[in-house]
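**Q** next come a sequence and a model predicted from it.
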Number of protein chains: 2
Amino acid sequence: MLDHRGKKPEWAPSESGDEFASRVVEGVKELEEQLHSSTAVPASPRPRRRRLTVNDYVEGVLSRNRTIIAQTITLVESNNPVHMETGQQVLKQLLPYTGNSIRVGITGVPGAGKSTLIEALGTMLCEQGKRVAVLAVDPSSTITKGSILGDKTRMETLSRHPNAFIRPSASGGTLGGVNRKSRETMLICEAAGFDVILVETVGVGQSEVTVRSMVDFFLLVMLTGGGDELQGIKKGVMELVDAIFVNKADGKNKQIALGAKAEFNRILHFLQPITEGWTPKAYTCSALTGEGIAEMWQVIQAFTGKTQRSGVFDTRRRKQTIDWMYTMVEDYLRTSFFNHPEVSSIIPVIEKAVGNGEVSATMAAKQLLKIFEDQ
Amino acid sequence: MLDHRGKKPEWAPSESGDEFASRVVEGVKELEEQLHSSTAVPASPRPRRRRLTVNDYVEGVLSRNRTIIAQTITLVESNNPVHMETGQQVLKQLLPYTGNSIRVGITGVPGAGKSTLIEALGTMLCEQGKRVAVLAVDPSSTITKGSILGDKTRMETLSRHPNAFIRPSASGGTLGGVNRKSRETMLICEAAGFDVILVETVGVGQSEVTVRSMVDFFLLVMLTGGGDELQGIKKGVMELVDAIFVNKADGKNKQIALGAKAEFNRILHFLQPITEGWTPKAYTCSALTGEGIAEMWQVIQAFTGKTQRSGVFDTRRRKQTIDWMYTMVEDYLRTSFFNHPEVSSIIPVIEKAVGNGEVSATMAAKQLLKIFEDQ
């Protein structure tokens, strides 16, 4: 039952010191007043640098200063309560400037060629004058303590382009933490004027569901191959996507890729589309030859055009933000319960008794909640 | 965001009166003592009848008294706190006698022929000397206030068989409530010596996920037809099943049904099996001619044999019960939050502000939790 537990979310209200808690309770209005007074915040994420004020961060991001953009992301990624509070104040100021990008999620098994595809798509868009940010959601990096995705060395051309900004996955914390950090990083990038945000992920745990819940368009990159090679697609992933791109459709792979595309189209036909009014289809592409990359962007543009006209685009974004708020609330409630000392100490006994059929689940749930509520 | 709210679960600890709450907190041990004293309980679900004691219910169920079985189910289905407590005491006594049936979930769109299929399968099993209980999980009946499923008039032969017991869906309450009632009804039936429990559901909301989480084997009934007729299978349902039976494979439909079967096998090939060590396959059957009904039972027996030998069967049952306990805990925590007067009154304002991008989701979540925790 490990998935029921976990660390208390780092943004949780009662863990951030009395001063912080008392400020939060005063609500957003008081915070706004604080913001307008522009006082220096007590600490910056990197103590050796000059301490930046909330306004320094905000103005730096809005003026597209790359160093400050990176520092602001570091600020919201910090688990330090003081940094987090400053980060929230900065975000509050940036919110009016967010929402103007196209948010594209990209998933696929390792080896499917996500990085080279992002490099190809991103470079094409940058050369068209668009500003492109590449982010990564990788909960597995909390285990390896590294940043598997968004590796700049794997996107050499793109990372050198002045219109591109690549940010590796935030490390540390739970998927919930990575989720918050990625969403807030996305908002910072939007305030900094990036037109397209590419969010890369791998199929670890719930990461695809998480990325789907923060993007407009969700794209699955598949390898060429047919029959058994296609088996074992992660449960439910095909039902989350707006398009499938069969990558590496070049050379002798091309025919096989076309076969795979047909196969995927057959499967997609049986699934309910995730986006109202949009029918997901499969395509082929090659990050190597560049074939299909322009088409990929056309598909994304057709999608945004259609959903913006129908209102589905805005409705989804609004719902995503509200849902995310409730996800944070529920994460907090769940972890409060499982971190309750008496609850967590009795849980092994209760699980055993319930698993063995000695106590009914209803009775056990009542008992646990009674212990929790009596503190 | 309606799905986040809902009535407080009827089994919730703090709603059941002080006397009840204080008993629960004493824990299971004290309850056991109470049970052994065999005192009459204060009220029975139908006041006009003689008041049954906990032991009356327990002995009635164990001696397979059909009237008492039905009364015991009514008792655990009751939302009256006193009845619920008695029900829990009865269940506690019955628990050692539960777990010996095969639990089969059956889903499919309306018109797929679930009822006639259950009638055919159930009658065949009853004639083999097995005792068969048919239950229904139908959260939609909370809206229609009727019992759509498990309609005895649609299972005429089966309902007259002495080895069969048909119980329509419990009405009233949320899906969580229906969930609890169905699970506890299943336990009562097992204690009453039923060998096979058939749990019927329709694809309303999360009902398939709910039924999947309480059965050993999950079966999807499909209609004949190919191509477009197969489209729009509910999202994720095919990934929950252990077998698909294409029904109405008779007369001129037979060839089409065989085509559909092949199509489903192709799709199943791409999906991860839900049960470790078992590959879901598609079959054809006809409730009308009886063809394929014996095979259906063979498939279920092959499944239980294989999973019981591998240990997957017992592991899943244990996990299902523990997960269910946590589902109840989380339902309670969620509804406590959304029913909090100040939280529920501020939610429309907060949702609007977050949806409009005036307040960040993180800040809003913090505020809501602060309000909730300050009571």
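**A** Happy to help now that I have it.
**Q** stretch A:331-347: which residues count as buried?
**A** Buried residues in stretch A:331-347, counted by 16 or more other Cβ atoms under 10 Å in any protein chain shown: A:Asp331, A:Tyr332, A:Leu333, A:Arg334, A:Thr335, A:Ser336, A:Phe337, A:Phe338, A:His340, A:Val343, A:Ile346, A:Ile347. In short, each C-beta sits where N, CA and C put it, glycine included.
**Q** do stretch A:260-279 as well
**A** In stretch A:260-279, counting by 16+ other Cβ under 10 Å, buried: A:Ala260, A:Lys261, A:Glu263, A:Phe264, A:Ile267, A:Leu268, A:Phe270, A:Leu271, A:Ile274, A:Thr275, A:Trp278.
**Q** just stretch A:197-210 next, same as before
**A** When burial is assessed from 16+ other Cβ under 10 Å, stretch A:197-210 yields the following buried residues: A:Ile197, A:Leu198, A:Val199, A:Glu200, A:Thr201, A:Val202, A:Gly203, A:Val204, A:Ser207, A:Glu208, A:Thr210.
**Q** helices - which of those residues land there?
**A** A:Ser207, A:Glu208, A:Thr210 (DSSP state H).
**Q** the first one is in contact with A:Asp138, isn't it?
**A** It refers to A:Ser207. Yes: the pair A:Ser207 and A:Asp138 qualifies as a contact (Cβ atoms under 8 Å) at a distance of 7.1 Å.
**Q** between these two, which contacts overlap?
**A** Shared contacts of A:Ser207 and A:Asp138 (Cβ atoms under 8 Å, 6 or more residues apart in numbering or on different chains): A:Thr201.
**Q** can you tell me the SS state at the nearest residue to A:Thr67 once chain neighbours are set aside?
**A** Nearest in space to A:Thr67, with sequence neighbours left out and distances taken as Cβ to Cβ, 6 or more residues apart in numbering or on different chains, is A:Gly60 at 7.5 Å. Reducing the assignment at A:Gly60 to three states with DSSP: H, G, I helix; E, B strand; the rest coil gives helix.
**Q** now for A:Gly60, how many residues are close by?
**A** 20 (other Cβ atoms under 10 Å in any protein chain shown).
**Q** what's the answer for the one 3 residues further on, then?
**A** Burial measure for A:Ser63: 11 neighbouring residues, criterion other Cβ under 10 Å.
**Q** report the separation between it and A:Gly355.
**A** Separation of A:Ser63 from A:Gly355 (Cβ to Cβ, to the nearest Å): 59 Å.
**Q** show me the contacts for A:Leu158.
**A** A:Leu158 neighbours (Cβ under 8 Å, 6+ apart): A:Ile118, A:Glu119, A:Gly122, A:Thr123, A:Cys126, A:Val132, A:Val134, A:Ala164, A:Ile166.
**Q** rerun that using 6 Å as the cut-off
**A** Shown in contact with A:Leu158 (Cβ atoms under 6 Å, 6 or more residues apart in numbering or on different chains): A:Glu119, A:Gly122, A:Thr123, A:Ala164.
**Q** quick one: secondary structure of the first one?
**A** Applying three-state DSSP to A:Glu119 yields a three-state assignment of helix.
**Q** does it touch A:Met155 like I think?
**A** Yes: the pair A:Glu119 and A:Met155 passes the contact test of Cβ atoms under 6 Å, sitting 4.4 Å apart.
**Q** which regions of chain A sit below the pLDDT cut-off?
**A** The model of chain A has pLDDT under 70 over residues A:1-50, A:139-153, A:170-176, A:203-205, A:225-235, A:375.
**Q** mind listing the strands for it?
**A** A:102-107, A:132-137, A:164-166, A:196-201, A:217-222, A:243-246, A:281-284 (DSSP state E).
**Q** could you dump the fourth one to PDB, C-alpha only?
**A** Output for strand A:196-201, consisting of C-alpha atoms alone and laid out as PDB, is shown next (Å, rounded to 0.1, in the frame of the first residue of the first chain):
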ATOM      1  CA  VAL A 196       5.600  26.600 -27.500                       C
ATOM      2  CA  ILE A 197       6.300  24.500 -24.400                       C
ATOM      3  CA  LEU A 198       7.300  21.000 -25.100                       C
ATOM      4  CA  VAL A 199       6.900  18.800 -22.000                       C
ATOM      5  CA  GLU A 200       8.800  15.500 -22.300                       C
ATOM      6  CA  THR A 201       8.100  12.400 -20.100                       C
END
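**Q** contact partners of it?
**A** Contacts for strand A:196-201 (Cβ under 6 Å, 6+ apart): A:101-107, A:114, A:118, A:125, A:130, A:132-137, A:149, A:186, A:189, A:207, A:211, A:215.
**Q** so that strand versus strand A:132-137, what angle?
**A** When axes from the mean of the first three to the mean of the last three Cα atoms, to 10 degrees is applied, the directions of strand A:196-201 and strand A:132-137 differ by 20 degrees.
**Q** can you give me the offset of stretch A:260-272 from its chain's centre?
**A** With Cα atoms, centre = their mean, to the nearest Å as the basis, stretch A:260-272 stands 26 Å off its chain's centre.
**Q** tell me if that stretch is near chain B.
**A** Yes: shown here: stretch A:260-272 in contact with chain B (Cβ under 6 Å from any Cβ of the partner chain) through A:Ile267, A:Phe270, A:Gln272.
**Q** could I get the buried residues of stretch A:260-279 as TSV with distance to A:Phe245?
**A** As requested, the buried residues of stretch A:260-279 are exported to TSV (distance: Cβ to Cβ, whole Å):
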residue	distance to A:Phe245
A:Ala260	11
A:Lys261	9
A:Glu263	14
A:Phe264	10
A:Ile267	15
A:Leu268	13
A:Phe270	19
A:Leu271	17
A:Ile274	16
A:Thr275	16
A:Trp278	16
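**Q** and the contacts of stretch A:315-322?
**A** Contacts for stretch A:315-322 (Cβ under 6 Å, 6+ apart): A:Ser213, B:Glu351, B:Val354, B:Gly355, B:Ala361.
**Q** so which of these wins on neighbours?
**A** In the contacts of stretch A:315-322, the most neighbours by other Cβ under 10 Å go to B:Ala361, 26 neighbours.
**Q** how close does that one get to B:Leu369?
**A** Distance from B:Ala361 to B:Leu369, by Cβ to Cβ: 12 Å.
**Q** can you check A:Gly129 too?
**A** Taken as Cβ to Cβ, the span from A:Gly129 to B:Leu369 is 44 Å.
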